[in-house]
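Peer 1: Below: sequence and its predicted model.
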Amino acid sequence: MKNYIQKARHHAVFGLSASVVASVTVVGAANAETIKFSYPVSQESPMGRTVDYFGELIAEKTDGSVDLRGFPSAQLGNEIQSISSVQGGIVEMAVTTTAGLASVVPEFNMFNLPFMFDSYEQLDAVSRGPTAEKILAKLEPSQMVGLCYWDYGFRNITNNKRPVTKLEDVNGLRVRTIQNSVYLDSLSALGINPTPLPFPETFTALETGAIDGNEIANDVTRSASFFEVQDYLTETQHFTTLSVVYASKGFWDKLDGGEQSAIRAACAEASVFNRDIINAGGAETLSVLEENGMQIDRISADDLQEFRDAVQPVVDQVSSGLDQEIVKEFNADKAATK
(Lines give C-alpha, C1' and ligand atoms only; values in the text may rest on other atoms or scores of the structure.)
Protein backbone atom coordinates (compact mmCIF):
# COMPACT_ATOMS: atom_id res chain seq x y z
CA MET A 1 0.00 0.00 0.00
CA LYS A 2 2.81 2.38 0.90
CA ASN A 3 4.54 1.80 -2.46
CA TYR A 4 1.29 2.43 -4.32
CA ILE A 5 0.80 5.77 -2.52
CA GLN A 6 4.34 6.82 -3.32
CA LYS A 7 3.85 6.03 -7.03
CA ALA A 8 0.54 7.85 -7.14
CA ARG A 9 2.07 10.90 -5.50
CA HIS A 10 4.92 10.81 -8.03
CA HIS A 11 2.48 10.95 -10.94
CA ALA A 12 0.34 13.74 -9.50
CA VAL A 13 0.43 17.14 -11.12
CA PHE A 14 0.29 19.39 -8.07
CA GLY A 15 -1.74 22.61 -8.15
CA LEU A 16 1.11 25.00 -7.36
CA SER A 17 -0.51 28.08 -8.82
CA ALA A 18 -4.03 29.26 -9.49
CA SER A 19 -3.51 28.66 -13.20
CA VAL A 20 -2.40 25.04 -12.83
CA VAL A 21 -5.21 22.51 -12.80
CA ALA A 22 -4.48 19.53 -10.57
CA SER A 23 -4.70 16.12 -12.22
CA VAL A 24 -3.48 12.61 -11.54
CA THR A 25 -1.75 10.41 -14.07
CA VAL A 26 -2.85 6.81 -13.87
CA VAL A 27 0.05 4.57 -12.93
CA GLY A 28 0.89 2.10 -15.61
CA ALA A 29 3.60 1.11 -18.01
CA ALA A 30 1.56 2.35 -20.98
CA ASN A 31 1.61 5.96 -19.75
CA ALA A 32 4.42 8.41 -20.34
CA GLU A 33 6.39 9.73 -17.41
CA THR A 34 5.48 13.41 -17.05
CA ILE A 35 8.10 16.01 -16.17
CA LYS A 36 6.91 19.26 -14.65
CA PHE A 37 9.71 21.67 -15.56
CA SER A 38 9.99 24.92 -13.58
CA TYR A 39 11.69 28.06 -14.90
CA PRO A 40 11.44 31.72 -13.87
CA VAL A 41 11.12 33.65 -17.16
CA SER A 42 8.56 33.88 -19.95
CA GLN A 43 7.95 31.17 -22.53
CA GLU A 44 8.81 33.67 -25.27
CA SER A 45 12.30 34.31 -23.87
CA PRO A 46 15.38 32.45 -25.16
CA MET A 47 15.25 30.26 -22.05
CA GLY A 48 11.58 29.50 -22.65
CA ARG A 49 12.29 28.57 -26.26
CA THR A 50 15.11 26.32 -25.04
CA VAL A 51 12.77 24.54 -22.63
CA ASP A 52 10.27 23.95 -25.44
CA TYR A 53 13.01 22.55 -27.67
CA PHE A 54 14.28 20.36 -24.83
CA GLY A 55 10.78 18.90 -24.50
CA GLU A 56 10.65 18.14 -28.21
CA LEU A 57 14.02 16.39 -28.04
CA ILE A 58 13.00 14.33 -25.03
CA ALA A 59 9.82 13.14 -26.74
CA GLU A 60 11.82 12.24 -29.85
CA LYS A 61 14.71 10.52 -28.09
CA THR A 62 12.53 8.51 -25.68
CA ASP A 63 9.95 7.57 -28.34
CA GLY A 64 7.31 9.31 -26.27
CA SER A 65 7.93 7.45 -23.02
CA VAL A 66 8.79 10.75 -21.28
CA ASP A 67 6.80 13.95 -21.67
CA LEU A 68 8.02 17.38 -20.53
CA ARG A 69 5.61 20.15 -19.60
CA GLY A 70 7.17 23.57 -19.02
CA PHE A 71 5.89 25.97 -16.37
CA PRO A 72 7.26 29.46 -17.18
CA SER A 73 7.25 32.75 -15.28
CA ALA A 74 7.86 31.16 -11.87
CA GLN A 75 4.41 29.52 -11.85
CA LEU A 76 5.84 26.74 -9.71
CA GLY A 77 7.92 29.08 -7.56
CA ASN A 78 11.03 31.21 -7.72
CA GLU A 79 14.51 29.71 -7.89
CA ILE A 80 14.79 28.96 -4.18
CA GLN A 81 11.33 27.41 -4.12
CA SER A 82 12.08 25.37 -7.24
CA ILE A 83 15.19 23.91 -5.64
CA SER A 84 13.16 22.81 -2.62
CA SER A 85 10.37 21.40 -4.81
CA VAL A 86 12.81 19.35 -6.90
CA GLN A 87 14.53 18.04 -3.78
CA GLY A 88 11.17 16.97 -2.40
CA GLY A 89 9.99 15.39 -5.65
CA ILE A 90 7.05 17.78 -6.05
CA VAL A 91 8.59 19.10 -9.27
CA GLU A 92 10.55 16.70 -11.48
CA MET A 93 12.95 19.17 -13.12
CA ALA A 94 13.98 22.82 -13.13
CA VAL A 95 16.60 25.23 -14.44
CA THR A 96 18.23 27.47 -11.85
CA THR A 97 21.20 29.82 -11.98
CA THR A 98 24.50 28.69 -10.53
CA ALA A 99 24.08 31.66 -8.17
CA GLY A 100 20.92 30.08 -6.76
CA LEU A 101 22.42 26.59 -6.52
CA ALA A 102 25.62 27.77 -4.81
CA SER A 103 23.73 27.59 -1.51
CA VAL A 104 23.64 23.82 -2.05
CA VAL A 105 27.00 23.31 -3.82
CA PRO A 106 29.42 26.20 -3.07
CA GLU A 107 31.69 25.22 -5.98
CA PHE A 108 29.06 26.61 -8.37
CA ASN A 109 30.42 29.97 -7.22
CA MET A 110 33.39 29.44 -9.52
CA PHE A 111 30.99 30.32 -12.33
CA ASN A 112 29.62 33.28 -10.35
CA LEU A 113 32.89 35.10 -9.75
CA PRO A 114 32.94 38.54 -11.40
CA PHE A 115 34.65 39.02 -14.76
CA MET A 116 35.58 35.32 -14.83
CA PHE A 117 34.98 34.77 -18.56
CA ASP A 118 36.06 36.83 -21.55
CA SER A 119 33.69 35.31 -24.09
CA TYR A 120 30.86 32.87 -24.65
CA GLU A 121 33.32 30.52 -26.33
CA GLN A 122 35.40 30.36 -23.17
CA LEU A 123 32.32 29.91 -20.97
CA ASP A 124 31.00 27.10 -23.20
CA ALA A 125 34.32 25.27 -23.20
CA VAL A 126 34.57 25.34 -19.40
CA SER A 127 30.90 24.56 -18.68
CA ARG A 128 31.01 21.54 -20.98
CA GLY A 129 34.31 20.28 -19.58
CA PRO A 130 35.24 17.67 -16.96
CA THR A 131 35.49 20.01 -13.97
CA ALA A 132 32.00 21.40 -14.60
CA GLU A 133 30.72 17.80 -14.62
CA LYS A 134 32.36 17.19 -11.24
CA ILE A 135 30.53 20.20 -9.84
CA LEU A 136 27.21 18.90 -11.21
CA ALA A 137 27.82 15.55 -9.49
CA LYS A 138 27.98 17.32 -6.12
CA LEU A 139 24.20 17.86 -6.33
CA GLU A 140 23.32 14.18 -5.80
CA PRO A 141 23.74 14.07 -2.00
CA SER A 142 21.09 16.82 -1.91
CA GLN A 143 18.59 14.65 -3.85
CA MET A 144 19.17 16.36 -7.18
CA VAL A 145 20.80 15.13 -10.38
CA GLY A 146 22.66 17.75 -12.43
CA LEU A 147 22.26 17.23 -16.18
CA CYS A 148 23.83 20.13 -18.06
CA TYR A 149 24.32 23.89 -18.20
CA TRP A 150 22.24 26.43 -20.08
CA ASP A 151 22.65 30.19 -20.11
CA TYR A 152 20.83 33.52 -20.14
CA GLY A 153 23.84 35.52 -21.30
CA PHE A 154 26.28 37.86 -19.57
CA ARG A 155 24.77 40.17 -16.97
CA ASN A 156 24.85 43.93 -17.51
CA ILE A 157 23.89 46.92 -15.40
CA THR A 158 20.74 48.94 -16.06
CA ASN A 159 19.53 51.93 -14.06
CA ASN A 160 17.40 55.07 -14.05
CA LYS A 161 19.87 57.53 -12.51
CA ARG A 162 22.72 58.10 -14.95
CA PRO A 163 24.87 56.58 -17.70
CA VAL A 164 27.56 54.24 -16.40
CA THR A 165 30.94 54.37 -18.14
CA LYS A 166 33.34 54.52 -15.17
CA LEU A 167 33.57 52.84 -11.77
CA GLU A 168 32.53 56.02 -9.97
CA ASP A 169 29.24 56.07 -11.90
CA VAL A 170 27.86 53.00 -10.09
CA ASN A 171 28.57 54.40 -6.62
CA GLY A 172 25.46 54.30 -4.45
CA LEU A 173 23.12 52.83 -7.06
CA ARG A 174 20.44 50.57 -5.52
CA VAL A 175 20.60 47.59 -7.86
CA ARG A 176 18.50 44.45 -7.75
CA THR A 177 20.48 41.23 -7.73
CA ILE A 178 20.27 37.55 -6.79
CA GLN A 179 20.47 36.35 -3.19
CA ASN A 180 24.02 35.04 -3.49
CA SER A 181 26.95 36.09 -1.33
CA VAL A 182 29.38 36.36 -4.26
CA TYR A 183 27.00 38.65 -6.13
CA LEU A 184 26.33 40.75 -3.04
CA ASP A 185 30.00 41.08 -2.05
CA SER A 186 31.15 41.79 -5.61
CA LEU A 187 28.59 44.51 -6.22
CA SER A 188 29.33 46.05 -2.82
CA ALA A 189 33.04 46.10 -3.70
CA LEU A 190 32.13 48.18 -6.78
CA GLY A 191 30.32 50.71 -4.59
CA ILE A 192 26.84 49.53 -5.55
CA ASN A 193 24.08 49.08 -2.96
CA PRO A 194 22.96 45.52 -3.88
CA THR A 195 19.31 44.70 -3.22
CA PRO A 196 18.35 41.02 -3.48
CA LEU A 197 14.83 40.49 -4.81
CA PRO A 198 12.95 37.54 -6.32
CA PHE A 199 12.72 37.97 -10.07
CA PRO A 200 8.88 38.35 -10.19
CA GLU A 201 9.09 41.38 -7.85
CA THR A 202 11.71 43.25 -9.87
CA PHE A 203 9.54 45.10 -12.39
CA THR A 204 7.35 46.67 -9.71
CA ALA A 205 10.37 47.65 -7.61
CA LEU A 206 11.88 49.43 -10.62
CA GLU A 207 8.59 51.03 -11.59
CA THR A 208 7.96 52.44 -8.11
CA GLY A 209 11.54 53.61 -7.59
CA ALA A 210 12.17 51.26 -4.68
CA ILE A 211 15.41 50.42 -6.51
CA ASP A 212 17.39 52.33 -9.12
CA GLY A 213 18.49 49.51 -11.35
CA ASN A 214 18.99 45.90 -12.20
CA GLU A 215 21.87 43.65 -13.19
CA ILE A 216 20.73 40.99 -15.60
CA ALA A 217 21.16 39.62 -19.12
CA ASN A 218 20.01 41.75 -22.05
CA ASP A 219 17.62 39.06 -23.27
CA VAL A 220 15.82 39.16 -19.93
CA THR A 221 15.70 42.97 -19.97
CA ARG A 222 13.92 42.60 -23.30
CA SER A 223 11.62 39.64 -22.57
CA ALA A 224 10.54 41.06 -19.18
CA SER A 225 10.00 44.55 -20.69
CA PHE A 226 12.36 46.14 -18.17
CA PHE A 227 13.04 48.75 -20.86
CA GLU A 228 9.71 50.26 -19.84
CA VAL A 229 11.13 51.15 -16.41
CA GLN A 230 14.87 51.57 -17.11
CA ASP A 231 16.69 54.33 -19.00
CA TYR A 232 20.34 53.25 -19.16
CA LEU A 233 22.11 49.97 -19.96
CA THR A 234 25.87 49.43 -19.75
CA GLU A 235 27.48 46.30 -21.15
CA THR A 236 29.65 45.53 -18.15
CA GLN A 237 29.40 41.73 -18.60
CA HIS A 238 30.38 41.45 -14.94
CA PHE A 239 28.71 38.09 -14.24
CA THR A 240 27.54 35.24 -16.41
CA THR A 241 24.01 33.98 -15.83
CA LEU A 242 24.94 30.35 -16.26
CA SER A 243 22.18 27.99 -15.18
CA VAL A 244 21.88 24.32 -14.33
CA VAL A 245 19.25 21.90 -15.56
CA TYR A 246 18.62 19.37 -12.81
CA ALA A 247 16.17 16.62 -11.87
CA SER A 248 14.68 15.23 -8.70
CA LYS A 249 16.76 12.20 -7.75
CA GLY A 250 13.62 10.32 -6.76
CA PHE A 251 12.14 10.88 -10.21
CA TRP A 252 15.44 10.22 -11.99
CA ASP A 253 15.95 6.86 -10.30
CA LYS A 254 12.55 5.67 -11.60
CA LEU A 255 13.63 6.14 -15.22
CA ASP A 256 15.36 3.31 -17.02
CA GLY A 257 18.92 3.67 -18.30
CA GLY A 258 17.83 4.39 -21.85
CA GLU A 259 15.53 7.22 -20.77
CA GLN A 260 18.24 8.73 -18.59
CA SER A 261 20.74 8.65 -21.45
CA ALA A 262 18.20 10.17 -23.83
CA ILE A 263 17.42 13.05 -21.46
CA ARG A 264 21.10 13.78 -20.88
CA ALA A 265 21.69 13.84 -24.64
CA ALA A 266 18.67 16.11 -25.13
CA CYS A 267 19.95 18.47 -22.44
CA ALA A 268 23.36 18.77 -24.11
CA GLU A 269 21.78 19.34 -27.52
CA ALA A 270 19.44 21.96 -26.09
CA SER A 271 22.50 23.71 -24.61
CA VAL A 272 23.88 24.26 -28.12
CA PHE A 273 20.47 25.52 -29.27
CA ASN A 274 20.37 27.87 -26.27
CA ARG A 275 23.73 29.42 -27.14
CA ASP A 276 22.85 29.75 -30.83
CA ILE A 277 19.70 31.78 -30.18
CA ILE A 278 21.48 34.00 -27.64
CA ASN A 279 24.26 34.73 -30.16
CA ALA A 280 21.84 35.19 -33.04
CA GLY A 281 19.64 37.61 -31.15
CA GLY A 282 22.28 39.66 -29.34
CA ALA A 283 22.56 42.59 -31.74
CA GLU A 284 18.83 42.61 -32.42
CA THR A 285 18.06 42.71 -28.69
CA LEU A 286 20.24 45.78 -28.23
CA SER A 287 18.48 47.43 -31.18
CA VAL A 288 15.07 46.68 -29.69
CA LEU A 289 16.14 48.12 -26.33
CA GLU A 290 17.44 51.29 -28.03
CA GLU A 291 14.24 51.60 -30.05
CA ASN A 292 12.33 51.45 -26.79
CA GLY A 293 14.29 54.37 -25.35
CA MET A 294 17.24 52.83 -23.54
CA GLN A 295 20.67 54.43 -23.84
CA ILE A 296 23.35 51.77 -24.43
CA ASP A 297 26.85 52.47 -23.09
CA ARG A 298 30.10 50.53 -23.05
CA ILE A 299 33.20 50.74 -20.87
CA SER A 300 36.72 51.22 -22.19
CA ALA A 301 39.33 48.56 -21.47
CA ASP A 302 41.18 50.84 -19.06
CA ASP A 303 38.06 51.76 -17.11
CA LEU A 304 36.91 48.15 -17.05
CA GLN A 305 40.21 47.19 -15.40
CA GLU A 306 39.22 49.43 -12.48
CA PHE A 307 36.09 47.32 -12.06
CA ARG A 308 38.17 44.14 -12.15
CA ASP A 309 40.66 45.46 -9.62
CA ALA A 310 37.87 46.48 -7.23
CA VAL A 311 36.44 42.95 -7.05
CA GLN A 312 39.72 41.00 -6.96
CA PRO A 313 39.67 40.66 -3.14
CA VAL A 314 36.26 38.99 -3.43
CA VAL A 315 37.57 36.56 -6.07
CA ASP A 316 40.51 35.63 -3.84
CA GLN A 317 38.38 35.22 -0.71
CA VAL A 318 35.69 33.09 -2.36
CA SER A 319 38.16 30.84 -4.16
CA SER A 320 40.06 30.15 -0.93
CA GLY A 321 36.93 28.72 0.71
CA LEU A 322 36.10 26.17 -1.99
CA ASP A 323 37.33 22.65 -2.80
CA GLN A 324 40.89 23.50 -3.83
CA GLU A 325 41.16 20.60 -6.27
CA ILE A 326 38.07 21.88 -8.07
CA VAL A 327 39.44 25.44 -8.05
CA LYS A 328 42.76 24.32 -9.54
CA GLU A 329 41.13 22.20 -12.25
CA PHE A 330 38.55 24.89 -13.05
CA ASN A 331 41.22 27.56 -13.50
CA ALA A 332 43.24 25.17 -15.67
CA ASP A 333 40.19 24.57 -17.87
CA LYS A 334 39.68 28.32 -18.17
CA ALA A 335 43.33 29.03 -18.96
CA ALA A 336 43.33 26.38 -21.67
CA THR A 337 40.56 28.24 -23.54
CA LYS A 338 42.24 31.67 -23.70
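Peer 2: Looks like it arrived, so ask away. Please read these numbers as outputs of a predicted model, since none were measured by experiment.
Peer 1: From residue 45, how far off is the residue nearest to residue 149 when sequence neighbours are not counted?
Peer 2: With sequence-adjacent residues excluded and distances taken as CB to CB, 6 or more residues apart in numbering, residue 149 is closest to residue 127, at 4.3 Å. No exception for glycine: its C-beta is placed from N, CA and C like everyone else's. For residue 127, the distance to residue 45 equals 20 Å [CB to CB, to the nearest Å].
Peer 1: Also residue 85?
Peer 2: Counting by CB to CB, the gap from residue 85 to residue 45 is 21 Å.
Peer 1: Sketch out the helices for the stretch 101-250 of the chain, chain order is fine.
Peer 2: 109-112, 120-127, 130-137, 181-189, 202-208, 218-223, 249-252 (DSSP state H, counting those that start in this stretch).
Peer 1: hang on, the earlier thing: please identify which of residue 127 and residue 45 sits among more neighbours.
Peer 2: residue 127 (26 against 22; other CB atoms under 10 Å).
Peer 1: hey, where'd the strands end up in the stretch 201-338 of the chain?
Peer 2: Counting by DSSP state E, counting those that start in this stretch, the stretch 201-338 of the chain has strands at residues 213-217, 232-248, 295-297.
Peer 1: Go through the protein and flag its longest helix.
Peer 2: helix 257-291 (DSSP state H).
Peer 1: buried ones in that helix?
Peer 2: Residues 259-260, 262-264, 266-267, 270-271, 273-275, 277-278, 281, 285-286, 289 are the ones in helix 257-291 that count as buried (16 or more other CB atoms under 10 Å).
Peer 1: cool, stretch 59-67 as well?
Peer 2: Quick answer for stretch 59-67 (16+ other CB under 10 Å): 59, 61-62, 65-66.
Peer 1: And for stretch 200-218?
Peer 2: 202-203, 205-206, 211-218.
Peer 1: From the opening residue of it to its closing one, how far?
Peer 2: 17 Å (CA to CA, to the nearest Å).
Peer 1: got a list of contacts for it?
Peer 2: 40, 73-74, 78, 152-161, 173-177, 187, 195, 197, 221, 224-226, 228-230, 232-233, 235-236, 238-239, 241, 282, 285-286, 289 (CB atoms under 8 Å, 6 or more residues apart in numbering).
Peer 1: Over to stretch 288-299?
Peer 2: 158, 163-166, 218, 221-222, 227-228, 230-236, 286, 307.
Peer 1: Check the offset of that stretch from the chain's centre.
Peer 2: 24 Å (CA atoms, centre = their mean, to the nearest Å).
Peer 1: Likewise for stretch 214-231?
Peer 2: Using CA atoms, centre = their mean, the offset of stretch 214-231 from its chain centre is 16 Å.
Peer 1: Just the buried positions in that stretch, please.
Peer 2: So for stretch 214-231, counting by 16+ other CB under 10 Å, buried means 214-224, 226-227, 229-230.
Peer 1: Just the terminal-to-terminal distance for that stretch.
Peer 2: OK, stretch 214-231 end separation, CA to CA: 11 Å.
Peer 1: need the strands for the stretch 1-150 of the chain, in chain order.
Peer 2: 12-13, 23-24, 33-38, 66-71, 93-97, 144-159.
Peer 1: Now distance to residue 295 and mean pLDDT too, for the ones you listed, in TSV please.
Peer 2: Below are the strands of the stretch 1-150 of the chain laid out as TSV (distance: least, CB to CB, whole Å; pLDDT from 0 to 100):
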stretch	distance to residue 295	mean pLDDT
strand 12-13	45	36
strand 23-24	48	35
strand 33-38	35	97
strand 66-71	34	98
strand 93-97	27	97
strand 144-159	10	96
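Peer 1: what sits against residue 144?
Peer 2: Counted by CB under 8 Å, 6+ apart, residue 144 has contacts 83, 86-87, 104, 246-249.
Peer 1: So which of those residues wins on neighbours?
Peer 2: Busiest of the contacts of residue 144 [other CB under 10 Å] is residue 86, holding 30 neighbours.
Peer 1: Burial check on residue 333, number of neighbours?
Peer 2: Residue 333: 19 neighbours (other CB under 10 Å).
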